[in-house]
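Asker: Let's see this in three dimensions:
(2 chains)
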Amino acid sequence: MKILVCMKQVPQKDAPLKLNDAGTWIREDVSYEVNEPDAFALEEALRQKEKHTGEVVVVTAGPARALQVLREALAKGADRAIHLEGDTFVGLDAYNTARAIAAAIKDEKFDLIFTGLQSDDYGYAQTGVILAEILGLPHATIIMQIEKSDGGIRVKRELEAGFFQFVDMPLPAVLTIQSGINKLRYATLIGIKQAKMKPLRKVMMAEVQSAMEGNLQKIEKLHVPQKTKNTEFLEGPPAEVAKKLVEKLKNEMRVI
Amino acid sequence: MDTILVVVEQREGKLNRVSWETIVAGQAIAAQTGWTLEAAVLGSGVAAIAGEVTEKKVAKVYDIESARLEPYTPDAFAHGLQEFLGKHPAKLVLMPHTYQVRDFVPKLATALHTTAISDVIGFRYEGGKLLFTRQMFQGKFVADVSFAGSGPCFVTFQNGSFRADKVEAGSAAAPVETVNVDVPDGVIRNKPHEVFKEAKQAVDLTQAAIIVSVGRGIKEQKNIEMAKHLADALGGELAASRPICDNGWLPMDRQVGSSGQTVAPKLYLALGISGAIQHIVGMKGSRSIVAINKDSEAPIFEIADYAIVGNLFDIVPPLIEEVKKAKG
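Answerer: Model prediction:
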């Protein structure tokens, strides 16, 4: 099976974020990591390859720093990488991100394309499904299991409130992967070494520009959420804070 | 005049109640813009659901029918709604941000060459321009988003962003129009099986009056024990955010959030939970929320009644002692 995994670099989960002066984006001087569901998508691709043989290709769109995500993926066992490189890829809406990826892989034929179910930064939860539509492929979202079957695959979709559903679908197909589908592996030292030798193709904006259009949605302004609640902060040394909280539990919230 | 269409969600012939929140959003936008509000339901033999919607203040309800809309598939739903919108153009199409909607709306928007603004929590209408607000960076920021193009613009609303009990009833039942759509052979590529629950749930968190919930901040599996002691001292249930259950540190039936249970206890005590949107939607209806987190910027503090910024490993042990003392 030839599998493409779309991955994204996002700010680290507990990185303190600040807005830029224009209030249109965050200040980029933060630490980044791979978007968590994308890490599970990569792991699933590697497991499928180990079971059925084939090739795992990873792709990301973003500035030079995003290369780190591809390096890590190659170190874990991906065979080659595609980097749509440039700052301009950051501001794309989900539609244009998918258009850019589709243009970059137009000469390839994948059996499966994985994305994470959503990103921790924009949180659109759309790029994978849009990519499927652009490529004319069937898709399924929020996937927790993938088995090869006669003539295709059987996937397990997560639904809300603890429900699931199996879906049979033909190949090629696009799947958006849920966190927790598998257990992540670590890169080995030898893997890290080998990663440096693996092929990496850079794609500049100019090469995919013709496939793209103006963004149809635009972030006019980012702001810190307005508090809807009057939060009372309890302060002091731990023992004192514990006392204060118990007093509130007893007299204000009345749960003790 | 421009039209706002709310597509209510049905699953296996039952209206998903979260759809009322979307109707409320539609009514609010219609009131400010003066646009016409209509509603639609897609399915096979779902006239009864269309009937339910006619009681609300909407100009019209469409019952969009095809035998191939049951069971749900993204191919059939996108195809059916695309055909409908070709004949009944709308400026805005509103839906709840459910797993089903997430599954087919981006496909439909792409096929129509338009855009979908997802997981929206509110809107503003300023100087003739509609802006939708949505959370970004896991709830750390809120963005005002505008849309361009000839439409329709799809907007999906996060659970709980509008109050279902605020839905306005109509003065008379709205008319229903049945629209049969054609989903030709070969459109549907996926074969879905029956929906099922993995295992019988051992614990029903929705019935718990007190919930102590742990997140990534708990660091290691062995530390769960400490949270359990606190839950026991309070006489509550132990719950967790998704990553904890993904790690297998607690069983899946203790997960609170969009993919787990939705709870509204008297007390929700969040230990080391940052407050990602997916978690918040499952617990923001709690009567009192107490959050302990070392990161003062954690989004959980936005919805907390009482907040403690600090190391939970320092605070929880004396807290257990104090609770025991208070209970005598």
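Asker: Break chain B down into its structural domains.
Answerer: Domain ranges of chain B: B:3-180, B:205-327, per automatic domain parsing.
Asker: same check, this time on chain A
Answerer: If you go by automatic domain parsing, chain A breaks into A:2-211, A:226-256.
Asker: Format those domains as JSON lines; extra columns: mean neighbour count, distance to B:L271 and mean pLDDT.
Answerer: All C-beta spots, glycine's among them, are computed from the backbone N, C-alpha and C. Below are the domains of chain A laid out as JSON lines (neighbours: other CB atoms under 10 Å in any protein chain shown; distance: least, CB to CB, whole Å; pLDDT from 0 to 100):
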{"stretch": "domain A:2-211", "mean neighbour count": "19", "distance to B:L271": "15", "mean pLDDT": "95"}
{"stretch": "domain A:226-256", "mean neighbour count": "15", "distance to B:L271": "12", "mean pLDDT": "92"}
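Asker: Which stretches in the stretch 101-250 of chain A count as helices?
Answerer: Counting by DSSP state H, counting those that start in this stretch, the stretch 101-250 of chain A has helices at residues A:127-135, A:189-195, A:205-208, A:238-251.
Asker: Who are the packing partners of the shortest one?
Answerer: What it means is helix A:205-208. On a contact count with 3 or more CB pairs under 8 Å, 6 or more residues apart in numbering or on different chains; DSSP states H and E, helix A:205-208 meets helix A:94-104.
Asker: do the helix it packs on and chain B meet?
Answerer: Yes: using CB under 8 Å from any CB of the partner chain, we find that helix A:94-104 touches chain B at A:A94, A:Y95, A:A98.
Asker: How about the contacts made by the first one?
Answerer: In other words, A:A94. A:A94 sits next to A:Y122, A:Y124, A:Q126, A:T127, A:I130, B:P106 when contact means CB atoms under 8 Å, 6 or more residues apart in numbering or on different chains.
Asker: do the last one as well
Answerer: Contacts for A:A98 were tallied using CB under 8 Å, 6+ apart; they are A:T127, A:G128, A:I130, A:L131, A:I134, B:T110.
Asker: cool, the second one as well?
Answerer: Under the criterion of CB under 8 Å, 6+ apart, the contact list for A:Y95 reads A:Q126, A:I130, A:E213, A:N215, A:L216, B:A109, B:T110, B:T115.
Asker: all strands of the stretch 51-200 of chain A, in order?
Answerer: A:55-62, A:80-85, A:112-116, A:139-149, A:152-158, A:163-170, A:173-177, A:200-204 (DSSP state E, counting those that start in this stretch).
Asker: okay, those strands in TSV with distance to A:R47 next?
Answerer: TSV is the format used below for the strands of the stretch 51-200 of chain A (distance: least, CB to CB, whole Å):
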stretch	distance to A:R47
strand A:55-62	10
strand A:80-85	18
strand A:112-116	11
strand A:139-149	9
strand A:152-158	13
strand A:163-170	19
strand A:173-177	11
strand A:200-204	23
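Asker: Can you lay out the ones you listed as a markdown table showing distance to chain B?
Answerer: As requested, the strands of the stretch 51-200 of chain A are arranged in a markdown table below (distance: least, CB to the nearest CB, whole Å):
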| stretch | distance to chain B |
| --- | --- |
| strand A:55-62 | 16 |
| strand A:80-85 | 19 |
| strand A:112-116 | 11 |
| strand A:139-149 | 5 |
| strand A:152-158 | 6 |
| strand A:163-170 | 4 |
| strand A:173-177 | 8 |
| strand A:200-204 | 21 |
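Asker: Now name the helix or strand holding B:A25.
Answerer: Secondary structure assignment for B:A25, by DSSP states H and E: helix B:18-33.
Asker: again with B:D103
Answerer: B:D103 belongs to helix B:99-111, assigned by DSSP H and E.
Asker: Can you give me the distance of B:I188 to B:V256?
Answerer: Distance, B:I188 to B:V256, by CB to CB, to the nearest Å: 35 Å.
Asker: More neighbours: which of these two?
Answerer: Counted by other CB atoms under 10 Å in any protein chain shown, B:I188 and B:V256 do not tie: B:V256 has more neighbours, with 29 against 19.
Asker: so who does the closest residue to that one other than its chain neighbours touch?
Answerer: The shortest distance from B:V256 to any non-neighbouring residue, by CB to CB, 6 or more residues apart in numbering or on different chains, is to B:G282 (4.4 Å). By CB under 8 Å, 6+ apart, the contact set of B:G282 is B:V256, B:G257, B:S258, B:G260, B:Q261, B:T262, B:V263.
Asker: any chance of the residues you listed in a markdown table, with distance to B:E302 and secondary structure too?
Answerer: Compiled in a markdown table, the contacts of B:G282 are given as follows (distance: CB to CB, whole Å; DSSP: H, G, I helix; E, B strand; the rest coil):
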| residue | distance to B:E302 | secondary structure |
| --- | --- | --- |
| B:V256 | 17 | strand |
| B:G257 | 16 | coil |
| B:S258 | 17 | coil |
| B:G260 | 21 | coil |
| B:Q261 | 21 | strand |
| B:T262 | 18 | coil |
| B:V263 | 18 | coil |
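Asker: Which two among those are spaced furthest apart?
Answerer: B:S258 and B:V263 (12.3 Å; CB to CB).
Asker: If you compare the directions of the lengthiest helix in chain A and strand A:55-62, what angle comes out?
Answerer: Longest helix in chain A by number of residues, with DSSP state H as the criterion: helix A:36-52. In terms of direction (axes from the mean of the first three to the mean of the last three CA atoms, to 10 degrees), helix A:36-52 departs from strand A:55-62 by 160 degrees.
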